[in-house]
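Participant: generate a structure from the sequence data that follows.
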Amino acid sequence: MTTSTGPDAPAGPWLLGVRHHGPGSARAVRAVLDTARPRAVLIEGPPEADALLALAADPDMRPPVALLAHVVDDPRRASFWPMAEFSPEWVALRWALDAGAEVRFIDLPAAHSLAAEPEPESEGERPDGDKEGDGLRIDPIGLLAETAGYDDPERWWEDVVEHRHPDGTRQHTPDPHNSPDLPGTSDSYDPYSPFVVLGEAMTALREAYGDGGHARDLVREAYMRQQLRAARREFGDEVAVVCGAWHVPALAAKVAVGADRALLKGLPKAKTELTWVPWTHRRLARRSGYGAGIDSPGWYGHLFAARDRPVERWMTKVAGLLREEDRQVSSAHVIEAVRLAGTLAAMRGRPLPGLAETTDAVRAVMCEGSDVPLALIQDRLVVGDVLGEVPDAAPAVPLQRDLTRAQRTLRLKPEALERELDLDLRKETDAARSRLLHRLRLLGVDWGERADGRGSTGTFREGWRLRWEPELSVRVAEAGVWGTTVEAAATARAEADAAEATVLGEITALAERCLLAELSDALPVLMRALADRAALDTDVAHLAEALPALARTLRYGDVRGTRTAALAEVATGLAERICVGLPPACTGLDADGATAMRRRVDGVHAAMSLLPDAPEGSTTLRDRWAGVLAKLAGRDSVPGEIRGRAVRLLLDDGRLDASEAERYMGLALSVGTPPGDAAAWIEGFVGGASGGGMLLVHDERLLALVDTWLTGVPADAFTDVLPLLRRTFSAYEPGVRRTLGELVRRGPGTGGPAPSGSGAPGFGAALDEERADAMEPLLRLLLDRQDGNNLAGVGN
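Facilitator: Got it, this is the predicted structure:
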């Protein structure tokens with residue numbers, strides 16, 4: 001058996017050892033196949049996928065794509081075999097289909113590889129692109145690079161393979177008027193020479209290191225030899241094998257048939273299913289379960305696709321990208337960058353400028369020495385956001401087919417590049433998109449993430465960030481056990497999660513997600529679980545954490561037209577129990593406990609405004625809650641952070657006037673209060689995202705109280721309260737901090753009113769009542785319009 005042929009060499013079989021996702025390997029494989037014209041092409045891959053190979057010729061199949069194999073009973077046990085346009089396997093597969101040659105996969109079946117326990121990963125990455133990703137304890141290409149005097153294996157591989165013709169000569173720019181199909185090829189070189197050299201090198205390494213520490217390679221190679229023997233019996237020696245270079249010595253070795261059968265006897269087996277799924281350049285650029293990850297798939301794709309002048313064409317792409325980002329890049333920059341890259345390659349002894357040289361040239365010429373635009377180039381070009389496509393004829397689980405139909409109906413195309421999506425839930429299409437995305441999140445298919453906050457915050461608006469990753473195909477396969485449609489699967493998953501939930505907050509959060517996904521069939525099960533957990537849970541903290549999600553559920557139910565009367569009863573019951581149990585639960589807390597409880601108080605307060613209130617003439621739920629806040633504000637046994645927040649919430653709701661708030665602050669900041677407690681009170685009153693900074697800006701009496709207390713803190717206690725004060729004021733917007741600084745710098749005595757009974761003058765100028773009165777008609781007009789919009793449902 002031979003690894004090469006030529007004018008005086010045997011006809012075959014031809015063992016073509018490659019590095020997966022190497023454009024140089026892909027070009028060399030195509031050259032050999034064009035010359036040898038084998039009757040059969042054997043490719044390293046799962047043989048169960050042979051029935052899917054014809055789909056590679058479908059016009060709708062666009063790489064990068066991957067074969068996905070998963071265990072039927074446990075879809076989480078899955079493996080990918082990705083292929084890009086510049087992958088040698090893809091080139092060989094397409095050549096065989098176009099030439100009418102027999103094509104087969106010959107690696108160990110996925111039924112065996114997925115049934116076996118995974119081997120622990122080693123520190124090295126398999127250089128030949130082993131598709132199971134179990135790695136090697138040695139790095140063969142690293143050893144070969146070191147032997148050649150290189151400190152970077154990637155640079156050595158580029159110089160030896162990617163930037164040279166198979167005969168070892170330097171790559172050059174071919175004549176555009178006489179350019180053959182293979183970039184840079186001619187009739188004067190031997191297309192098999194790189195495989196000869198690489199095969200000899202790998203043979204030497206295998207003799208020195210054996211299987212590299214992974215016995216599973218021996219099993220895989222035994223199966224490959226069996227398939228090679230079967231193909232030779234059918235097609236003679238007119239067979240080409242495309243596999244990782246590491247396996248070539250094992251396939252060329254003379255091994256007894258009985259020895260291979262002994263290695264393969266008794267292997268575990270699982271029932272598997274395979275299909276094609278889209279892949280992305282980004283996933284080629286990092287390791288997953290697939291061990292042939294590369295650093296620069298966009299660069300490699302460019303090298304493979306460029307028929308001539310790869311450096312010039314690359315620089316033109318870079319310039320175009322930078323121009324799209326409004327950077328000034330001219331054709332003179334491109335010319336100079338090409339010259340500099342060539343000069344750097346010559347100085348470094350490289351046959352052609354590689355990615356390092358082009359990057360250095362771009363940084364110096366187009367980016368003015370800055371690495372900031374280089375990050376964009378790295379993300380968009382060196383790696384890239386290319387997402388492959390597979391035809392409809394590819395097998396898929398029913399859930400995937402239903403998802404595909406929904407994506408097309410709603411015009412939501414899966415894309416590798418992250419994009420923003422703003423939805424108006426009053427529109428039928430946008431509402432359906434929202435339902436789909438929420439249902440997928442319930443199934444663990446996180447195609448979209450909520451991105452609210454940049455636009456309208458009304459209940460009829462939703463913002464999303466969408467980005468499709470190849471792993472989501474596995475998540476869809478996993479979710480297929482719950483149902484054949486997205487709605488049915490999400491409903492079944494929600495019901496199962498509700499039955500398994502042990503914490504009340506988990507059920508209320510789940511109820512909120514079901515309302516957003518409009519899974520009305522799941523609500524009866526959720527209601528039963530919610531009622532059961534609520535009746536048994538006596539922890540006020542749990543009740544307080546559960547109420548906000550339940551209140552939001554009622555709000556979304558009203559917006560989306562969902563009947564939520566039963567949920568309202570449960571929510572009201574929770575709120576009443578919180579009103580009774582919260583004051584005792586807020587006593588005796590340490591600093592961390594006080595902060596956590598303050599957040600719960602904030603959540604309950606927001607929830608109270610969303611719950612249905614009692615009829616007029618009776619004590620309302622909101623009145624009871626205001627009474628609870630008043631108790632918290634006046635109890636010395638309650639931590640200062642909670643007392644301060646209670647005062648602030650009462651002030652914001654208009655249940656406490658400014659003079660009363662001032663009195664509470666004066667007591668909290670009095671001389672007899674320990675500095676740490678006073679600082680905690682300030683944190684509760686004006687800290688966090690509660691708008692406390694603007695309160696101090698517009699109520700200078702409160703600012704004067706804080707200033708008077710702060711300047712009176714003893715020096716030995718100041719360092720203790722400083723971290724808390726820094727946390728409080730650092731949360732303010734820069735403009736608010738700047739305004740407060742100006743007021744404090746200006747100092748008291750500038751005409752502002754003095755705080756009642758404090759003896760401290762106010763900050764800033766006194767209120768100009770005449771100018772304020774002039775603004776009143778305009779404010780009334782604006783507020784009347786806003787009320788009209790709110791009544792129309794544009795968020796309130």
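Participant: ramachandran angles for Gly210?
Facilitator: phi 60, psi -130 (degrees, to the nearest 10).
Participant: go on, Arg701?
Facilitator: Backbone torsions of Arg701, given as degrees, to the nearest 10, read phi -70, psi -40.
Participant: thought it was touching Ser659?
Facilitator: No: because the distance of 9.1 Å does not satisfy Cβ atoms under 8 Å, Arg701 is recorded as not touching Ser659. C-beta here means a position set from N, CA and C on the backbone, and glycine is covered the same way.
Participant: who's more crowded, these two?
Facilitator: Neighbour count, other Cβ atoms under 10 Å: between Arg701 and Ser659, Arg701 has more, with 22 against 12.
Participant: ok, now how distant is that one from Leu782?
Facilitator: For Arg701, the distance to Leu782 (Cβ to Cβ, to the nearest Å) stands at 27 Å.
Participant: go on, Pro548?
Facilitator: Distance, Pro548 to Leu782, using Cβ to Cβ: 30 Å.
Participant: these two: which is more packed in?
Facilitator: Set side by side, Pro548 and Leu782 show unequal neighbour counts under other Cβ under 10 Å, the larger going to Pro548 at 23 against 10.
Participant: list the helices and strands the particular helix or strand that has Thr491 in it packs on?
Facilitator: Thr491 belongs to helix 486-500 when assigned by DSSP states H and E. Secondary-structure packing of helix 486-500 (3 or more Cβ pairs under 8 Å, 6 or more residues apart in numbering; DSSP states H and E): helix 398-409, helix 428-442, helix 504-517, helix 523-536.
Participant: quick one: buried residues of it?
Facilitator: Residues of helix 486-500 classed as buried: 486-495, 497-498 (neighbour count, 16 or more other Cβ atoms under 10 Å).
Participant: next, the angle from that helix to helix 523-536.
Facilitator: Going by axes from the mean of the first three to the mean of the last three Cα atoms, to 10 degrees, helix 486-500 is angled at 20 degrees with respect to helix 523-536.
Participant: export helix 486-500 as PDB, just CAs?
Facilitator: As requested, the backbone C-alpha atoms of helix 486-500 are provided in PDB (Å, rounded to 0.1, in the frame of the first residue of the first chain):
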ATOM      1  CA  VAL A 486     -43.100  24.200  19.800                       C
ATOM      2  CA  GLU A 487     -46.300  25.000  21.600                       C
ATOM      3  CA  ALA A 488     -46.900  21.400  22.700                       C
ATOM      4  CA  ALA A 489     -43.300  20.900  23.800                       C
ATOM      5  CA  ALA A 490     -43.200  24.100  25.800                       C
ATOM      6  CA  THR A 491     -46.500  23.300  27.500                       C
ATOM      7  CA  ALA A 492     -45.300  19.900  28.500                       C
ATOM      8  CA  ARG A 493     -42.000  21.200  29.700                       C
ATOM      9  CA  ALA A 494     -43.700  23.900  31.800                       C
ATOM     10  CA  GLU A 495     -46.000  21.400  33.400                       C
ATOM     11  CA  ALA A 496     -43.100  19.100  34.300                       C
ATOM     12  CA  ASP A 497     -41.000  22.000  35.700                       C
ATOM     13  CA  ALA A 498     -44.000  23.100  37.800                       C
ATOM     14  CA  ALA A 499     -44.400  19.600  39.300                       C
ATOM     15  CA  GLU A 500     -40.700  19.500  40.200                       C
END
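Participant: for the stretch 1-150 of the chain, which spans come out with low pLDDT?
Facilitator: Scanning the stretch 1-150 of the chain for pLDDT under 70 picks out the ranges 1-11, 117-137.
Participant: which stretches of it form strands?
Facilitator: Counting by DSSP state E, counting those that start in this stretch, the stretch 1-150 of the chain forms strands over residues 14-18, 40-43, 65-71, 74-83, 102-105, given from the N-terminal end onward.
Participant: ok, which of the ones you listed comes nearest Arg635?
Facilitator: Among the strands of the stretch 1-150 of the chain, the nearest to Arg635 by Cβ to Cβ is strand 74-83 (51.9 Å).
Participant: returning to that earlier point: helix 398-409 and the helix holding Thr491, what's the angle between them?
Facilitator: With the same axes, to 10 degrees applied, the angle from helix 486-500 to helix 398-409 works out at 120 degrees.
Participant: which other residues reach helix 486-500?
Facilitator: Helix 486-500 has contacts (Cβ atoms under 8 Å, 6 or more residues apart in numbering) with 399, 402-403, 406, 436, 439-440, 442-443, 479-480, 482-483, 506-507, 510, 513-514, 517, 519, 521-522, 525-526, 529.
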